[in-house]
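Visitor: the sequence and its predicted three-dimensional model are supplied below.
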Amino acid sequence: MAPVWSSCSNRFVLAATKLQSHTCFTTAIVIPLYHYSTIPQPYQPNPPNPSPKLVPLQLHKQNQSIPISFSSLNYKESIISAIKSISHKTHLLQIHARILTTTLIQDPAVSHHFLCRVSLSGPLQNPDYSRRFFEQISYSFVSHYNTMIRAYSLSDSPQKSLFLYRDMRRRGIAANPLTSSFVVKSCIRFLYLLGGVQVHCNIFKDGHQSDSLLLTALMDLYSQCQKYDDACKVFDEMPMRDTVAWNVMISCCIRNNRTRDALSLFDVMRSENYKCEPDDVTCLLLLQVCARLNALEFGERIHSYIMDHGYGGAMNLSNSLISMYSRCGCVDKAYEVFMGMKNRSVVSWSAMISGLAVNGYGREAIEAFEEMQRNGIQPDDHTFTGVLSACSHSGLLDEGVSFFDRMISEFRITPAIHHYGCMVDLMGRAGLLDKAYQLITSMEAKPDSTVWRTLLGACRIHGHVTLGERVIEHLIELRAQEAGDYVLLLNLYSSAEQWEKVVEVRKLMKQNSIQTTPGCCTIELNGVVHEFVVDDISHSRRVEIYNTLDEINKQLRIAGYVVELSSELHKMDNRGKGYALSHSEKLAIAFGVLVTPPGTTALRVASNLRICVDCHNFLKLFSAVYNRDVILRDRKRFHHFRQGHCSCSDYW
């Protein structure tokens, strides 16, 4: 069948094709705050040619024609229907040419549908093409601007949506809540706080301050820009708060390290004042908080809520439950959730393997890896991170080296920086510091600060001062040294009793205003998380806590406890040794003994730092003398203390 396009139509096809190569405008961002009042001209369609002849539209593809019949009454509707059914780029260009020749491009409904297809619709999506089409529309309405602003908010150039927003206001086109919402989401994409503040001002000018969805997006912007107080203010001013708004507020608390506040919101949103039911997203967020805070009791409440409200079949929630129970030291409950899953993805297996690894069950983690393969699940890079860390925590050197080699040769996975970190940790803990150093220097990728820090920690464990100083030099070259690095170096010097160098490092830290992170421990009792720092006197029961700690120290000394000063950074005489190292772990344990009945067997503590030798010895002896289990999670792993022994076998 011969083509139906006239020579004029062919020129428009050519013009439409050339639009794809047009370059975009500048990236500078300016959003004036003043409110434009220019009234846009109403849409005036160009008068059609007298008695136009409506020929059937035929979409051509590789010598085939797909006819679409039109009548004079439903021509516009047929064009819109054809736009919705476009599946090929050639058809797109042909319809573009047709609406240009018939001037239907100036019809708001037709142009809006076409713009949606070329800016938001999957394989036909083309930001540059849609921009040029948008510029061909003589009288753009708010719906056109919303489509383009939304398209840019989802693209790699979200800042361009702010240009359109500025353009729109200059032309006097009033923004609606959708417009502002898309602009705010663009600001979120590249964390443009100033732009968000200006849009916030315009929201008040436009009278949209009661739109809950818009305010939720604004709250999310303040949250992601670390403006917690501003996010709270927007949340408090919302007339109606739905579950999405509460979820954003919980996410804001998590992002701004207000994790205990995030847990409290679960009960507040369900209270009589608000009566808002949490959804699966709420549960997902709160499980992350419970895992971070070691809040097992609260995590069990969320688990019950998930099962009672029919979310138990959601794979992402089951995976989060596995992670939460594992990070709270309850591997048995994590395993129950894992076995109760109907379908297990690679994420599920990786979470279970990592949970076993961090709790010291290295052999079991390897068995789970092998079972995973027998079930036909291919491991990914996260799976290997878990199994390599299992080898590291359990001192399985040969097995770790074998898995690392298999990952490369058998599974064709290129080692990432975290895989190298696991191997450096494995070799470092085994005392193979020189081999670990050689592995780092032979990496194809440039070593980052985390890998060097791992080796520095191993130098501290084995007292390798010379290599530790060399590692610090590498960190200085990367300009990545942190307070924790200096603390490790101080520990290294103090354990080697090089007190002159301890003084030098302390002086350097003081000159550079380097502040160390204080040790902090949390313990959850009756659903409430209590926090302690070193030498803490902020707790309301501090007098009772310190009296209890004195009594514990007295009982442990009778059993043979001696203060270990290898982690102390000050040179002390014999008189001071008995009063040193009142660390946060000990205060948390003393509080647990104070407030729990004698029959309570297990105390769960989480620390933000790696446990020191003195606290490790203290807790081993405490578990035997007081007949109480202690499950402590430090920055790296879990320690299960029971009857004078630790699950790490003193290998951490």
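Guide: All right, it came through fine.

Visitor: what separation do you get for the closest residue to residue 413 other than its chain neighbours and residue 651?
Guide: Leaving out its chain neighbours, the residue that sits closest to residue 413 by C-beta to C-beta, 6 or more residues apart in numbering is residue 407, at 4.9 Å. C-betas here are computed from N, CA, C, even on glycine. The spacing between residue 407 and residue 651, counted by C-beta to C-beta, to the nearest Å, is 23 Å.

Visitor: try residue 454
Guide: In this view, residue 454 and residue 651 are 16 Å apart by C-beta to C-beta.

Visitor: wait, residue 357 sits on residue 365?
Guide: Yes. Taking contact to mean C-beta atoms under 8 Å, the distance of 4.7 Å between residue 357 and residue 365 places them in contact.

Visitor: find residues that contact each of these two.
Guide: 386-387, 390 (C-beta atoms under 8 Å, 6 or more residues apart in numbering).

Visitor: contacting residues around residue 144?
Guide: Applying C-beta under 8 Å, 6+ apart, one finds that residue 144 lies in contact with 108, 111-112, 115, 134, 137.

Visitor: scratch that, residue 254 is what I was asking about
Guide: Residue 254 makes contact with 262, 285, 288-289, according to C-beta under 8 Å, 6+ apart.

Visitor: repeat for residue 357
Guide: With the criterion set at C-beta under 8 Å, 6+ apart, residue 357 makes contact with 365, 386-387, 389-390, 393.

Visitor: out of the residues you listed, who's nearest residue 104?
Guide: Checking these against residue 104 by C-beta to C-beta gives residue 386 as the nearest, at 58.5 Å.

Visitor: burial measure for residue 609, as a count.
Guide: 21 (other C-beta atoms under 10 Å).

Visitor: A strand includes it, no?
Guide: No. In this structure, residue 609 is coil, not part of a strand, as judged by DSSP: H, G, I helix; E, B strand; the rest coil.

Visitor: against residue 544, how distant is the nearest residue to residue 559 once chain neighbours are set aside?
Guide: Distance criterion C-beta to C-beta, 6+ apart; nearest residue to residue 559, sequence neighbours excluded, is residue 625 at 5.2 Å. Here the criterion is C-beta to C-beta. By it, residue 625 lies 20 Å from residue 544.

Visitor: what does residue 466 give?
Guide: Shown here: residue 466 relative to residue 544, a distance of 47 Å by C-beta to C-beta.

Visitor: compare the two (neighbour count), which wins?
Guide: Residue environment comparison for residue 466 versus residue 544 gives the larger neighbour count to residue 544, 14 against 9, counting by other C-beta under 10 Å.

Visitor: give me the phi and psi for that one.
Guide: Residue 544 has phi and psi values of phi -70, psi -40 when expressed as degrees, to the nearest 10.

Visitor: does it touch residue 594 like I think?
Guide: Yes. Residue 544 sits in contact with residue 594 when judged by C-beta under 8 Å, with a separation of 5.7 Å.

Visitor: that older thread, and residue 407 and residue 651? Which one has more around it.
Guide: Using other C-beta under 10 Å, the more surrounded residue of residue 407 and residue 651 is residue 407, with 21 against 14.

Visitor: contacting residues around the more buried one?
Guide: If a contact means C-beta under 8 Å, 6+ apart, then residue 407 has 384, 413, 415, 419 as its contacts.

Visitor: next SSE downstream of the host helix or strand of it?
Guide: Here residue 407 is covered by helix 397-409, with elements defined by DSSP states H and E. Downstream of helix 397-409, the first helix or strand assigned by DSSP H and E is helix 417-429.

Visitor: now what about that next one, what contacts it?
Guide: Outside of helix 417-429, the residues within contact range by C-beta under 8 Å, 6+ apart are 381, 384-385, 388-389, 391-392, 395-397, 400-401, 404, 407, 433, 435-436, 439-440, 443, 445, 447-448, 450-451, 454-455, 457-459, 461-462, 651-652.

Visitor: and the next helix or strand past it?
Guide: Scanning the chain past helix 417-429 towards its C-terminal end, the next helix or strand to appear is helix 433-441 (assignment: DSSP H and E).

Visitor: if we can go back for a sec, now, of the contacts of residue 144, which are buried?
Guide: Buried by 16 or more other C-beta atoms under 10 Å: 111-112, 115, 134, 137, out of the contacts of residue 144.

Visitor: would you turn those into CSV with secondary structure, pLDDT and distance to residue 301?
Guide: Converted to CSV, those look like this (DSSP: H, G, I helix; E, B strand; the rest coil; pLDDT from 0 to 100; distance: C-beta to C-beta, whole Å):
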residue, secondary structure, pLDDT, distance to residue 301
111, helix, 91, 53
112, helix, 90, 48
115, helix, 90, 48
134, helix, 91, 51
137, coil, 89, 55
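
Visitor: and those residues, which is closest to residue 352?
Guide: Closest to residue 352 out of those is residue 115 (47.9 Å), distances taken as C-beta to C-beta.

Visitor: show me the contacts for the spatially closest residue to residue 211 that is not a sequence neighbour.
Guide: Leaving out its chain neighbours, the residue that sits closest to residue 211 by C-beta to C-beta, 6+ apart is residue 177, at 4.3 Å. Contacts here follow C-beta under 8 Å, 6+ apart; on that basis residue 177 touches 208, 211, 213-214.

Visitor: same question, residue 530
Guide: Taking C-beta under 8 Å, 6+ apart as the definition, contacts of residue 530 comprise 522-524, 539, 588, 591.

Visitor: which residues of the stretch 551-652 of the chain score low on pLDDT?
Guide: 565-581 (pLDDT under 70).

Visitor: again, only using 50
Guide: Scanning the stretch 551-652 of the chain for pLDDT under 50 picks out the ranges 569-580.

Visitor: ok, now the stretch 251-400 of the chain?
Guide: Where the stretch 251-400 of the chain is concerned, nothing drops into low confidence, which here means pLDDT under 50.

Visitor: the strands in the stretch 51-200 of the chain, which residues?
Guide: Listed in chain order, the strands of the stretch 51-200 of the chain (DSSP state E, counting those that start in this stretch) span 57-61, 64-68.
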